[in-house]
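Undergrad: got a predicted structure here, sequence first:
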Amino acid sequence: MTLSAEQFIAQKEEQFQKDLGKKKIIWMKDISREGKHGFLREAWTFMMQHNLETKVFVIERLRKAEMQGTTVHKKIKIGDIEYRIGYYIVGHIRKAKGHWMWGQFCPLIPQKDFDKLMEKARKEKTAQRVRDNVLKNYYNDQILKKLRFKKGAYSIIRSLSKQYKLAIGSGEKIKQIERYLKYQNLNRYFQFIGHGGLVFNRKSNPDYFWRIAKFFKVKPEECLMVGDSVFDADAIKAGCRVVIIPSKFTKHCTFNKQCFILNDLKVLPLFLEKQLVSRDTRIRVRPAERAW
């Protein structure tokens, strides 16, 4: 009789716990086949696929404990932590029929289950340590020293602040934005900080930009969003005009055709000047795939 997913998970939990108590090493062949890597399974999380009762996902936190023979990758060392995401599934053919088997291929995980699995792994502390380390390294003062301005950005911000009211539009945490601004001595140039906690779904939500417009007591169509990503282009949904200056990471992205695309930040002041002239003389400057 085939075990239910709940029975199978309980069985594996007991087995994994015993293996951990015995400090059982999990051996994996090196790609050279002349050596092997030994891991200690420190933590794990199981979860059944929501729409398939015969499939169970698992996330394992593995710590490198031993190495034997000749290994190809020399930077890998004892103590390194790696994660393995796999699955068990009830077989349907030959000897595997009716038995829970380790999946042979990279797991396919429904989006609904992926988010839930990662959250479950964090709650059970399987992935908590890595998450905490990432956050610790990201939200420290060392990362501030790695910040780099686009060439000419500081002088352009300073110049524009004398002619326009400026706001930050970011999905980052507000405390981190404030740290960036303070470190670069930019606080004085911005009257409002749009941040990740401003509204649900951040910049994908039109209300994000409406909040900024409301703060300045202007209409959204009187606002111009200057950004470099497809998320910045979402300001169009709120009625704002949008200028995109693609970065090296987004230069191949396809943007909304209503966006103005500039190749260089340095031409932004000239673009704004032309927009003001066109508005005063009723000459329409049309959005284009590339404005400059």
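TA: Structure's in. What do you need? Residues are numbered from 1 along each chain as shown.
Undergrad: need the next SSE after the helix or strand of the chain with the lowest mean pLDDT, C-terminal direction.
TA: Here the helix or strand of the chain ranked lowest by mean pLDDT, DSSP states H and E is helix 128-138, holding a mean of 66. Per DSSP states H and E, helix 128-138 leads on to helix 141-144 as the next helix or strand towards the C-terminus.
Undergrad: buried ones in that next one, by neighbour count?
TA: By neighbour count with 16 or more other Cβ atoms under 10 Å, helix 141-144 contains no buried residues. To be clear about C-beta, it is placed using only N, CA and C from the backbone, and glycine gets the same treatment.
Undergrad: from the chain's centre, how far out does the helix or strand following it sit?
TA: Proceeding N to C from helix 141-144, the next assigned helix or strand is helix 153-160, under DSSP H and E. Its chain's C-alpha centre and that of helix 153-160 lie 29 Å apart, by Cα atoms, centre = their mean, to the nearest Å.
Undergrad: quick one: contacts of helix 153-160?
TA: Applying Cβ atoms under 8 Å, 6 or more residues apart in numbering, the contact partners of helix 153-160 are 166, 184, 186, 189, 265-266, 268-269, 272.
Undergrad: quick check: buried residues in it?
TA: Of the residues in helix 153-160, those buried (16+ other Cβ under 10 Å) are 156-157, 160.
Undergrad: repeat for stretch 209-223
TA: Within stretch 209-223, the residues scored as buried using 16+ other Cβ under 10 Å are 209-213, 220, 223.
Undergrad: for G38, grab the count of nearby residues.
TA: As a burial measure, G38 scores 17 neighbours (other Cβ atoms under 10 Å).
Undergrad: please report phi then psi for the residue nearest to K97 when sequence neighbours are not counted.
TA: Closest residue to K97 apart from its sequence neighbours, by Cβ to Cβ, 6 or more residues apart in numbering: G91 at 5.4 Å. The phi and psi values for G91, taken as degrees, to the nearest 10, are phi -70, psi 160.
Undergrad: and G91, what's its pLDDT?
TA: With respect to pLDDT, G91 scores 95.
Undergrad: just the strands in this protein please.
TA: Counting by DSSP state E, the chain has strands at residues 25-29, 35-49, 52-69, 81-90, 100-102, 167-169, 192-194, 224-227, 241-244, 260-261.
Undergrad: compute the inter-axis angle for the third one and strand 35-49.
TA: Taking axes from the mean of the first three to the mean of the last three Cα atoms, to 10 degrees, one finds that strand 52-69 is oriented at 170 degrees with respect to strand 35-49.
Undergrad: helices and strands around strand 52-69, which ones?
TA: helix 5-21, strand 25-29, strand 35-49, strand 81-90, helix 111-123 (3 or more Cβ pairs under 8 Å, 6 or more residues apart in numbering; DSSP states H and E).
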